[in-house]
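K.L.:
Just to be clear, the model below is a prediction. Sequence and coordinates:
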Amino acid sequence: MKNWSGVVRLVNLVLAELLKLKRSSMFVISILGSVVAPFVVVIATFLNEPSTPFQDLFYNVNLYTVLIIGVPLYGVVTTYLFNREYVEDTLKNLFTIPVSRISFIMSKMLLLFLWIMFLTAIAWALTLFLGWLTQFDGLTVDLLLASIRQFAVGGLLLFILSTPIILVTLVMKNYVPTIIFTVVITLINVMSGNSEHRALFPWAAAGDIANHTLPPTYPPEYSYIIIAFTALLGFVVMVVYFQKADVD
Amino acid sequence: MSVIKTTNLTKAYGDQKAVDQLSITVNHGDIYGFLGRNGAGKTTTIRMLLGLIQPTDGEIELFGENLSSNKKGILRRIGSIVETPGFYENLTAKENLMINARIQGIHKKNAIYEALEIVGLQNEKKKLVGKYSLGMKQRLGIARALLHYPELLILDEPTNGLDPIGIKEMRRLIKSLAAERNITIFISSHILSEVEQLADHMGVIHKGKLLEEIDLDQLRQKNRKYLEFQVSNDNKAIMLLEKHFQMFDYQVYDEGRIRIYSQLEERALMNKLFVQHDIDVLKIQLSEDRLEDYFEKLVGGGTIG
């Protein structure tokens, strides 16, 4: 019974989070961010190499989304979700209603997950639509299912790796440090693109896992463990910090 | 029964103590004014009462329970505004209150409308909060604090930034909440006259320390203008005052001193009466003490604000 009321409370918190997004420009901006990769990849491929198989469109869009656009885009979404409570000075209301700090984090993370997966779905759907419109070859049901899985894994891994980004947001209470942090991650992703050791960098490994391109240098378990460790460490430090932080 | 009781409450930032061994008691049904200059430690105290910041030392009891032992349960019985209330500016007043109602599990259909009606915002419920004036936001903050029918309202400088009419309306609202809903109210302010007009009891905080906690009626008594006679026979003098001036608003002190709090303009006649009845008048002094003077002395110079 107690667990059930906890679930109801969490659902209510998430519904409240959804209401907060009403008329929010960030939602539209994030959608615009998510359509960049499909547009650029499909149109550029159509103009330069129209004989490319459909499979490569999905692969390239997912690659750019996970490794280049996803980290800063989802980073901005993450910061918006958490930082707006500081900017709009609403935390003191929430915590005195009261909402427990762990429930606050969980509801925000749940919404972040839904948001990331929604943007991932848009990128996938737009790739499919534009590829179909420009009549690339090789579109099959198997490819559709495989690409859905690849996009979903990419989105899921980026969500899992959002905990260090949330931590930076909660500690710094500002957009700028988070943006710098995500740009640095993206730069490392780009620079390590040709490195055989890239599987040891969690965000680069996420791209390789999603697209099944992990280099054979290390066993895949290493990448999984590094991603899990990074996410877990970020989560634990974030929760411990936030539980003790004063709301000024 | 005390609704708020703090014992040696302390909050230190490094070597600096924002609140220093503060012990206050707020009784059920009181309007308690928490008076102090800017930076005296009022908001820090309120944030500790609401569990927003952790005390460095000391105890907080609310409704007879230790705050840390049942924080959730206790906070559900409190409505609050801390400094300027924050809202989601992309939402309307109604939507902002819907967020609270949903999280607090308020199912009563009219709860939001009723709360908006109390503060006079029922016709502004569809306007985006981003377009609200500061006064409207303060009123909306009160509506939000009242949404779950709290037993205790903690208001941190609720008249800050309001124009004189807004201040007057806020004062009327707070008084009516205490009277009609029997809500205990803890209100902080740096304006003496505001606390004086609202509160029954008052705590004065200065540099983090509680200087005095006092009943406002007693304080007014203590600080009213008065006429002090020192006479050779105080019993006879009182009898004459009661008989000839129907004077009962006085206090008798040692060494034949009588303090008279009304009909001060008739002091010459009183003096004449005493002399005519063979009472020696050793001293007549008109006190000019006012509440402001009292507080100036209390905080060691300057004004409260």
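P.N.:
Right, received. Where do you want to start?

K.L.:
What are the buried residues along the helix or strand bottoming out on mean pLDDT in chain A?
P.N.:
Least confident helix or strand of chain A, by mean pLDDT, DSSP states H and E, is helix A:2-20 with a mean of 87. Within helix A:2-20, the residues that qualify as buried are A:9, A:12-17, A:20, counting by 16 or more other C-beta atoms under 10 Å in any protein chain shown. No exception for glycine: its C-beta is placed from N, CA and C like everyone else's.

K.L.:
next one: stretch A:48-63
P.N.:
Neighbour-count burial for stretch A:48-63, counted by 16+ other C-beta under 10 Å, picks out A:52, A:54-63.

K.L.:
Distance of the residue in the stretch 1-150 of chain B that chain A sits nearest to relative to B:Y113?
P.N.:
Chain A sits closest to B:G86 of the stretch 1-150 of chain B, with a gap of 3.0 Å, by C-beta to the nearest C-beta. Note on B:G86: its distance to B:Y113, by C-beta to C-beta, to the nearest Å, is 22 Å.

K.L.:
Comparing the two, which residue is more hemmed in?
P.N.:
B:G86 (23 against 15; other C-beta atoms under 10 Å in any protein chain shown).

K.L.:
what kind of secondary structure is the nearest residue to that one once chain neighbours are set aside in?
P.N.:
Distances taken as C-beta to C-beta, 6 or more residues apart in numbering or on different chains put A:D89 closest to B:G86, at 3.0 Å, once the chain neighbours are dropped. At A:D89, secondary structure determined by DSSP: H, G, I helix; E, B strand; the rest coil is coil.

K.L.:
now swap in B:Q230 and tell me
P.N.:
strand.

K.L.:
And the closest residue to A:R9 other than its chain neighbours, what's its pLDDT?
P.N.:
Excluding the flanking residues, the one nearest A:R9 by C-beta to C-beta, 6+ apart is A:S103, at 6.6 Å. We note a pLDDT of 93 for A:S103 in this prediction.

K.L.:
A:S103 contacts A:V7, correct?
P.N.:
No. Applying C-beta atoms under 8 Å as the test, A:S103 and A:V7 come out as separate, 11.1 Å apart.

K.L.:
In what element of secondary structure is the closest residue to B:Q197 other than its chain neighbours found?
P.N.:
Excluding the flanking residues, the one nearest B:Q197 by C-beta to C-beta, 6+ apart is B:R171, at 6.3 Å. Using DSSP states H and E, B:R171 maps to helix B:164-181.

K.L.:
Any residues of chain B in contact with chain A? List them.
P.N.:
Listed as neighbours of chain A in chain B under the rule C-beta under 8 Å from any C-beta of the partner chain: B:47, B:50-54, B:71-72, B:75-76, B:78, B:80, B:82-91, B:95, B:98-100, B:102-105, B:128, B:144.

K.L.:
List the contacts of the residue in chain A that chain B sits nearest to.
P.N.:
Using C-beta to the nearest C-beta, the point where chain A gets nearest to chain B is A:D89, with a distance of 3.0 Å. Taking C-beta atoms under 8 Å, 6 or more residues apart in numbering or on different chains as the criterion, A:D89 is in contact with B:83-86.

K.L.:
what's the burial count for residue 246?
P.N.:
This is for chain A. 12.

K.L.:
Can you look at chain B instead?
P.N.:
Neighbour tally, B:Q246, other C-beta under 10 Å: 9.

K.L.:
For it, give its distance to chain A.
P.N.:
53 Å (C-beta to the nearest C-beta, to the nearest Å).

K.L.:
and that residue, what is it in contact with?
P.N.:
By C-beta under 8 Å, 6+ apart, B:Q246 has no neighbours at all.

K.L.:
And the pLDDT at it?
P.N.:
At B:Q246, pLDDT is 90.

K.L.:
Can I have the buried ones of the residues of chain B next to chain A as a ChimeraX selection?
P.N.:
In ChimeraX, a selection of the buried entries from the residues of chain B next to chain A looks like this (16+ other C-beta under 10 Å):
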select /B:47,50,51,52,53,71,75,76,78,80,82,83,84,85,86,87,88,89,90,91,95,98,99,100,102,103,104,128,144
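
K.L.:
So which of the residues of chain B next to chain A belong to strands?
P.N.:
B:78, B:80 (DSSP state E).

K.L.:
what's the angle from the lengthiest helix in chain A to helix A:2-20?
P.N.:
Longest helix in chain A, counting residues (DSSP state H): helix A:101-133. Using axes from the mean of the first three to the mean of the last three C-alpha atoms, to 10 degrees, the inter-axis angle of helix A:101-133 relative to helix A:2-20 is 60 degrees.

K.L.:
and helix A:101-133, which residues are buried?
P.N.:
So for helix A:101-133, counting by 16+ other C-beta under 10 Å, buried means A:101, A:103-105, A:107-109, A:111-112, A:115-117, A:119-120, A:122-124, A:126-128, A:130-131.

K.L.:
same deal with stretch B:268-279?
P.N.:
Applying 16+ other C-beta under 10 Å to stretch B:268-279 flags B:270-271, B:273-274, B:279 as buried.

K.L.:
Repeat that for stretch A:86-94.
P.N.:
Neighbour-count burial for stretch A:86-94 flags A:86, A:88-94 (criterion: 16+ other C-beta under 10 Å).

K.L.:
could you dump the residues you listed to CSV with pLDDT and distance to B:F186?
P.N.:
Listed next are these as CSV, based on pLDDT from 0 to 100; distance: C-beta to C-beta, whole Å:
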residue, pLDDT, distance to B:F186
A:Y86, 94, 25
A:E88, 94, 25
A:D89, 94, 20
A:T90, 96, 22
A:L91, 94, 21
A:K92, 94, 16
A:N93, 94, 17
A:L94, 94, 20
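
K.L.:
Now the two most distant members of those.
P.N.:
Distance extremes for those: the farthest pair is A:Y86 and A:N93 at 12.3 Å, using C-beta to C-beta.

K.L.:
Near B:E61, how many other residues are there?
P.N.:
When neighbours are counted by other C-beta under 10 Å, B:E61 registers 17.

K.L.:
what bridges to it?
P.N.:
With DSSP bridges as the criterion, B:E61 is bridged to B:K5, B:N66.

K.L.:
I figured it hits B:K5, correct?
P.N.:
Yes. Using C-beta under 8 Å, B:E61 is in contact with B:K5, at 4.3 Å.

K.L.:
Pull up the gap between the residue in the stretch 151-300 of chain B positioned nearest to chain A and A:L15, please.
P.N.:
In the stretch 151-300 of chain B, the residue that lies nearest chain A is B:I154 (8.6 Å; C-beta to the nearest C-beta). With distances taken as C-beta to C-beta, B:I154 is found 28 Å from A:L15.

K.L.:
do B:K72 as well
P.N.:
B:K72 is 20 Å from A:L15, by C-beta to C-beta.

K.L.:
Just give me the closest of the contacts of A:D89 to A:T163.
P.N.:
B:G86 (25.6 Å).

K.L.:
phi, psi of that closest one?
P.N.:
Dihedral angles of B:G86 (phi, psi; degrees, to the nearest 10) stand at phi -100, psi 140.

K.L.:
how about the nearest residue to B:R139, chain neighbours excluded?
P.N.:
Nearest to B:R139 is B:V119, by C-beta to C-beta, 6+ apart, at 4.0 Å.
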